[in-house]
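In: Just the structure for this:
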Amino acid sequence: MNKFMDPFTYNLPRIDLHGLDRVAARVKCEEFINDNKKLRNKKIVIIHGMGEGILKKEVHDYLKHNKNVINYSLNYNNIGETIVEIKIDI
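Out: A predicted model of the protein is given here:
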């Protein structure tokens, strides 16, 4: 199956959560999403890594309950990244 790769993924704002614990990662995600919402960036990338999946699970749990997040999914080319679509107020 040929999956579409967005050529602009590498130009999106991104945050790297490597080395953080779950609580710090959640706080950093919240700050990053709020900052990018103010900057009116519709898409962002959160790098959580591929290890045991602890940070990925925490990030996805946070994104699932965040009212500013429209959609999120793993990057097809790098499963250590999650691409997030943010709701922008008009």
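In: residue boundaries of the strands in the protein?
Out: In the chain, the strands defined using DSSP state E lie at 14-16, 43-47, 69-74, 81-86.
In: State the distance from Leu74 to Val45.
Out: Using Cβ to Cβ, to the nearest Å, Leu74 is found at 11 Å from Val45. For the C-beta atoms, the positions are set from N, CA and C on the backbone; glycine is no exception.
In: Compare those two (neighbour count), which wins?
Out: With neighbours defined as other Cβ atoms under 10 Å, Leu74 and Val45 compare such that Val45 has more, 19 against 14.
In: Now do the nearest residue to the more buried one once chain neighbours are set aside: how many residues are near it, please.
Out: Ranked by Cβ to Cβ, 6 or more residues apart in numbering and with sequence neighbours excluded, the top spatial neighbour of Val45 is Arg14, at 3.9 Å. By other Cβ under 10 Å, the residues close to Arg14 number 14.
In: List the residues that contact Arg14.
Out: The contact partners of Arg14, taken as Cβ atoms under 8 Å, 6 or more residues apart in numbering, are Ile44, Val45, Ile46, Ile47, Glu81.
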